[in-house]
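Asks: Task: produce atomic coordinates for the following.
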Amino acid sequence: MDGRAAGHPAPGQNGILFLPLPGTRRLGPAFGVRAFGLSPRQAAVLEEVGRISAATLGPSLWIDAVASPAGGLAIRGPRHAFSRLVDSLSKWEDMGEVASALADTLDRSARRPTLVVRGRDLLEKSPYLLMGVLNVTPDSFSDGGRFLAPEAAVAHALRLVQEGADILDLGAESSRPGSDPVPIEDELRRLLPPLRELRRVLPDFPISVDTTKAAVADAALEAGAALVNDVSAGRFDEAMIPLCARRRVPLVLMHMRGLPKTMQESPRYEDPVAEVTLELRERVRIAEAAGLGAGTLVVDPGFGFAKRPEDNLALVAELEGLRALGYPILLGASRKSTIGALTGAGPADRLPGTLALHTAALLHGASILRVHDVKEHRQALACAAALGG
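Replies: Next up is the predicted model:
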């Protein structure tokens with residue numbers, strides 16, 4: 001099933017968005033954005049205001065056409081020039097929405113990523129976090145069945161922590177392509193025994209529960225989980241976002257179209273980065289309205305979820321665009337099929353490709369990497385971070 005046929009908007013129908021350009025994150029005062037969703041008149045006025053600004057302030061701001069399926073404009077310059085551009089745009093008739101959208105992106109993209117778990121900001125002293133994958137499922141695509149027994153799950157979790165994991169992500173329902181939903185009772189039966197034991201042996205360690213069901217999340221939080229990782233971004237259960245807001249626990253909002261059962265049948269994007277960011281923005285707005293925000297929200301573009309290989313690669317290459325949302329970016333490409341499509345490797349042999357994609361993601365703005373192989377990532381990403389990632 002095509003995601004857009006299931007009610008997802010075409011590009012340009014979901015509001016104006018300014019996406020930070022790749023490479024601008026590490027250039028200090030320099031900045032750049034790509035405009036998305038402008039009407040022809042709005043684009044023309046923006047170009048005109050840019051020309052006026054260049055004439056009065058000097059050529060410190062560049063506005064030019066950008067080649068993309070959805071069209072648009074690229075704007076580059078120092079941040080102070082962007083602030084002046086916002087002021088100028090707000091004085092033009094019918095340009096208030098454009099000025100507001102640009103100001104919002106400037107504000108959100110400048111925020112330092114934060115993730116507060118039990119009163120401690122995990123990102124305060126680290127440029128990135130490793131989220132170790134722990135699947136207690138019989139059918140996950142890479143390690144299904146290996147850790148279904150609670151003692152095996154706990155032993156593997158302790159190994160991940162020893163190797164340098166910052167967070168454990170415990171999931172009891174597979175969301176691989178083609179998977180069916182699991183009844184709440186079965187998910188809890190798999191999830192709670194290892195979670196309770198992990199909380200006993202690791203009383204202060206951050207544990208995330210990977211679920212789309214509010215009832216499962218609530219039970220897991222009672223048993224000691226401290227974060228919720230929802231691959232549906234709260235779409236599958238409308239009680240999930242209010243639950244996390246009420247309990248003041250961080251929530252990962254991941255992008256996906258459709259359902260895991262059918263999401264890979266015919267995914268289609270014209271501009272993956274813009275469309276994913278726009279659709280995640282709607283979930284972010286709902287979460288913010290419920291009371292979640294800085295320290296309690298994380299966004300994930302959903303690598304491999306209702307995406308073709310070329311969509312996944314575009315998302316990694318332009319990951320900085322998601323900085324428009326203002327929250328830490330999580331990416332999980334570990335052992336996924338895009339690596340197999342590029343190299344022919346099976347899930348067990350995809351570590352080199354995983355390291356390459358996650359290194360690129362770190363350098364393009366990811367703050368959290370969800371991984372199966374912690375020790376190898378700790379070494380590779382330490383070197384990448386030393387480059388300024």
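Asks: For the stretch 1-150 of the chain, which segments count as strands?
Replies: Assigned by DSSP state E, counting those that start in this stretch, the stretch 1-150 of the chain shows strands spanning 17-20, 30-36, 62-65, 73-78, 116-117, 120-121, 129-135.
Asks: Give the bridge partners for the most centrally placed residue in the chain, please.
Replies: Geometric centre of the chain, nearest residue: residue 300, 1.7 Å, by Cα atoms, centre = their mean. For residue 300, the beta-bridge partners are residue 254 (DSSP bridges).
Asks: Just the pLDDT at it, thanks.
Replies: According to the prediction, residue 300 has pLDDT 98.
Asks: show me what contacts it?
Replies: 252-255, 329-332 (Cβ atoms under 8 Å, 6 or more residues apart in numbering). The way it works is simple: take the backbone N, C-alpha and C, and place the C-beta from them, glycine included.
Asks: got JSON lines for the residues you listed, with distance to residue 52, neighbour count and pLDDT too?
Replies: Shown next, in JSON lines, are the contacts of residue 300 (distance: Cβ to Cβ, whole Å; neighbours: other Cβ atoms under 10 Å; pLDDT from 0 to 100):
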{"residue": "252", "distance to residue 52": "43", "neighbour count": "26", "pLDDT": "98"}
{"residue": "253", "distance to residue 52": "39", "neighbour count": "30", "pLDDT": "98"}
{"residue": "254", "distance to residue 52": "42", "neighbour count": "26", "pLDDT": "97"}
{"residue": "255", "distance to residue 52": "38", "neighbour count": "26", "pLDDT": "97"}
{"residue": "329", "distance to residue 52": "35", "neighbour count": "23", "pLDDT": "98"}
{"residue": "330", "distance to residue 52": "41", "neighbour count": "27", "pLDDT": "98"}
{"residue": "331", "distance to residue 52": "40", "neighbour count": "28", "pLDDT": "98"}
{"residue": "332", "distance to residue 52": "45", "neighbour count": "29", "pLDDT": "97"}
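Asks: Make TSV out of the residues you listed and add distance to residue 121.
Replies: As requested, the contacts of residue 300 are exported to TSV (distance: Cβ to Cβ, whole Å):
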residue	distance to residue 121
252	16
253	19
254	22
255	25
329	16
330	16
331	20
332	22
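Asks: List the contacts of the closest residue to residue 239 other than its chain neighbours.
Replies: Of all residues beyond its chain neighbours, the one nearest residue 239 is residue 214 (3.7 Å), with distances taken as Cβ to Cβ, 6 or more residues apart in numbering. Neighbour list for residue 214: 237, 239-240, 243 [criterion: Cβ under 8 Å, 6+ apart].
Asks: Tell me where the model's unsure across the stretch 51-200 of the chain.
Replies: Across the stretch 51-200 of the chain, the ranges flagged by pLDDT under 70 are 57-60, 65-71, 139-148, 176, 178-179.
Asks: What segments of it are helices?
Replies: 79-89, 96-109, 150-163, 184-201 (DSSP state H, counting those that start in this stretch).
Asks: can you redo those as CSV with distance to residue 311 and mean neighbour count?
Replies: Shown next, in CSV, are the helices of the stretch 51-200 of the chain (distance: least, Cβ to Cβ, whole Å; neighbours: other Cβ atoms under 10 Å):
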stretch, distance to residue 311, mean neighbour count
helix 79-89, 29, 18
helix 96-109, 22, 19
helix 150-163, 29, 17
helix 184-201, 29, 18
